[in-house]
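> Sequence and predicted structure are below.
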Amino acid sequence: MFKVRVIPCLDVKDGRVVKGVNFVDLRDAGDPVEAAIAYDAAGADELTFLDITASHENRDTIFDVVTRTAEACFMPLTVGGGVRTVDDIRKLLQCGADKVSINTAAVAKREFVKEAAEKFGNQCIVVAVDAKKVSKPGEPARWEIFTHGGRNPTGLDAIDYARAVVALGAGEILLTSMDRDGTRSGFDIPLTRAIADAVPVPVVASGGVGNLDHLVEGIRDGHATAVLAASIFHFGEYTVRQAKEYMAKAGLPMRLDP
Amino acid sequence: MTVAIVDYGSGNLHSAAKAFERAARESGFTQPIVVTSSPEAVARADRIVLPGVGAFADCRRGLDSIDGMVAALNERVHKRGRPFLGICVGMQLMAERGLEHKVTDGLGWVAGEVDKIAPADPSLKIPHMGWNTLNAIKPHPLLDGIETGPQGLHAYFVHSYHLKAADRSDLVAQADYGGPITAIVGRDTLAGTQFHPEKSQRLGLRLIANFLKWSP
């Protein structure tokens, strides 16, 4: 039976985990590879690294992190952040990433999605859709694409955009509600459902997870095929295993291999 | 005694090689694992692994672009019967032909075609991306010690096409995704998995270890 995925996401900057993780006794809480190994052991279904390295001279640190992770973890790995060229994608895949997530570069130049999918296959091209609600209360719901952490509006309708990038070859959508990101108040369910029902590819729900019920809602009510969360796992509130057992009790098909 | 992982420009072989090294180490095998694009190395290898990601035609073109590679594979695997494991598109290439985008010849080792998956439930997404259990169709040494069935271990899939075996006796295991999906094929010394054992944690490492000790 096909299972729902739970995906911990690690923000990585200059080769280090941002803010660190403290869910297990790691020798080095800032080492993304150690965190990846711990998540692998905890039964994570996949892992995502989001590289937020700003300085140009440190751009290569992510390649080392991905290489070392792929040597130690035999689970699927997605890497996003700063992916702008075919060469960026090739390097990440060669280091051992299974999927690469494209964000701003796809907004700036849609054809990049097509080029990437044709070169590497749809299955490894994820497009990150960062959306924010722009409709007023009482109006029909409408979401737009924002870039730069939700600061810059693009005027693009989120549903149209998601459909367009899938038509160009995106094999998965990583959907983040910029309204909910960091709020711990749960996914934007109407947004998640609107996108998930509009595209034929898997949608990963992200942004706003504060408790385990939120994960269940993302799948059951939001129609996502996977859920991504960061802080609830990093700070040891819940283990990945606990999250998956909770979701299984709620009736969702979960992978609970020993 | 070498295990050759064939490098023909189809994606990353780093994690595949690492998974084979780990499985070998954990089960006490000392055969060297080599990633190679040399037909001579393939012609000497005792076990051959053909990975593959991307589109069927691209992978076929990649294989053909190495002078003598298809001939070496045919000779060593098909004629000499050295144990062979195809992974994902590497498994699909075992078929007679692929239908992705256009009709492309496969290696023709397993009767059948590679066609788009068509889940009966329209809410199921394509690609079939994620973890699924296996339903064993017949016993096979690659599945030794691996629990199958709805309560069994999981394998990681990511694909939109699968090998429709013409001869049911070539089917080792299926997965259910709105209908049966070919998960493992096997005949004689040939085996192939649609899923990625190198990404399938426990099940994957066990299956790789089983392949390393398989003496058909």
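Now that the structure is in, tell me what you want to look at.

> make it CA atoms for all contacts and neighbour counts henceforth
Will do.

> Contacts (any at all) between chain A and stretch B:130-144?
Yes. On the criterion Cα under 8 Å from any Cα of the partner chain, stretch B:130-144 is in touch with chain A at B:Gly130, B:Trp131, B:Asn132, B:Thr133, B:Leu134.

> Any idea how far that stretch is from the middle of the chain?
13 Å (Cα atoms, centre = their mean, to the nearest Å).

> Now do that stretch: everything it contacts.
Residues outside stretch B:130-144 that contact it (Cα atoms under 8 Å, 6 or more residues apart in numbering or on different chains) are A:1-5, A:45, A:255, B:148-158, B:171-176, B:183, B:186, B:207-208, B:210-211, B:214.

> Check those residues for burial and list the buried ones.
Neighbour counting with 16 or more other Cα atoms under 10 Å in any protein chain shown marks A:1-5, A:45, A:255, B:148-149, B:152-158, B:171-176, B:183, B:186, B:207-208, B:210-211 as buried within those.

> Just the ones of the contacts of stretch B:130-144 in strands?
Mapping the contacts of stretch B:130-144 onto strands (DSSP state E) picks out A:5, B:154-158, B:171-176, B:183, B:186.

> Flag the shaky bits of the chain, pLDDT-wise.
By default, I'm working from chain A. A:19-27 (pLDDT under 70).

> Wait, chain B was what I had in mind.
For chain B (pLDDT under 70), the answer is B:11-12.

> Could you tell me which residues of it lie near chain A?
So chain B meets chain A at B:11-15, B:18-19, B:53-55, B:124-127, B:129-134, B:150, B:152-154, B:158-159, B:175-177, B:198-201 (Cα under 8 Å from any Cα).

> Looking at those, which are in strands?
B:Met129, B:Gly130, B:Trp131, B:Asn132, B:Thr133, B:His154, B:Val158, B:His159, B:Ala175, B:Asp176.

> and chain A, which of its residues are near chain B?
Contact residues, chain A versus chain B (Cα under 8 Å from any Cα): A:1-5, A:45, A:70-76, A:93-96, A:120-123, A:171, A:200-202, A:255, A:257.

> Can you list phi and psi of the nearest residue to A:Asp188 once chain neighbours are set aside for me?
Excluding the flanking residues, the one nearest A:Asp188 by Cα to Cα, 6 or more residues apart in numbering or on different chains is A:Ser177, at 6.2 Å. Torsion angles at A:Ser177 (phi, psi; degrees, to the nearest 10) stand at phi -80, psi 110.

> and A:Ser177, how far is that from A:Leu77?
A:Ser177 sits 22 Å away from A:Leu77 when distances are taken as Cα to Cα, to the nearest Å.

> Look at the two and report which has more neighbours.
A count of neighbours by other Cα atoms under 10 Å in any protein chain shown puts A:Ser177 above the other of A:Ser177 and A:Leu77, at 26 against 23.

> which one among the ones in strands among the contacts of stretch B:130-144 gets closest to A:Thr225?
The nearest member of these to A:Thr225, counting by Cα to Cα, is A:Arg5 at 6.8 Å.

> and the nearest residue to that closest one once chain neighbours are set aside, what does it touch?
Computed as Cα to Cα, 6+ apart, the closest residue to A:Arg5 that is not its neighbour in sequence is A:Ala226, at 4.5 Å. By Cα under 8 Å, 6+ apart, the contact set of A:Ala226 is A:Val4, A:Arg5, A:Val6, A:Ile7, A:Pro202, A:Val203, A:Val204, A:Ala205, A:Ile219.

> So which residues of chain B form helices?
B:14-26, B:39-44, B:56-64, B:69-73, B:89-92, B:201-213 (DSSP state H).

> what's the distance between B:Arg202 and B:Leu153?
8 Å.

> Next: B:Thr2.
From B:Thr2 to B:Leu153 the distance is 29 Å (Cα to Cα).

> just checking, B:Glu21 touches B:Ile33?
Yes. Using Cα atoms under 8 Å, B:Glu21 is in contact with B:Ile33, at 6.7 Å.

> what about the closest residue in space to A:Arg110 that isn't next to it in sequence, which helix or strand?
Closest residue to A:Arg110 apart from its sequence neighbours, by Cα to Cα, 6+ apart: A:Val165 at 7.0 Å. With elements taken from DSSP states H and E, the one containing A:Val165 is helix A:158-167.

> what's that helix packed up against?
strand A:125-133, strand A:143-147, helix A:189-198 (3 or more Cα pairs under 8 Å, 6 or more residues apart in numbering or on different chains; DSSP states H and E).

> Just the angle for that helix relative to strand A:143-147, thanks.
On the basis of axes from the mean of the first three to the mean of the last three Cα atoms, to 10 degrees, helix A:158-167 is oriented at 70 degrees to strand A:143-147.

> Give me the distance from helix A:158-167 to the chain's centre.
So, by Cα atoms, centre = their mean, the centroid of helix A:158-167 is 17 Å from its chain's centroid.

> where along the stretch 51-200 of chain A do the strands fall?
Under the criterion DSSP state E, counting those that start in this stretch, the stretch 51-200 of chain A contains strands at A:77-80, A:99-102, A:125-133, A:143-147, A:152-157, A:172-177.

> strands paired with the first one, and their directions?
Based on DSSP bridges, the pairing partners of strand A:77-80 within the sheet are strand A:47-51 (parallel), strand A:99-102 (parallel).

> outside of that strand, which residues touch it?
A:46-51, A:70, A:92, A:96-103.

> so how far is it from its chain's centroid?
With Cα atoms, centre = their mean, you get 8 Å for strand A:77-80.

> Span of stretch A:190-210 from start to end?
18 Å.

> Same check on stretch B:53-68?
Stretch B:53-68: ends 21 Å apart by Cα to Cα.

> give me every residue that touches residue 64.
Looking at chain A here, since you left the chain open. Neighbours of A:Asp64 in contact, by Cα under 8 Å, 6+ apart: A:Gly15, A:Cys95.

> I was after chain B.
B:Val70.

> Nothing else from me, thank you.
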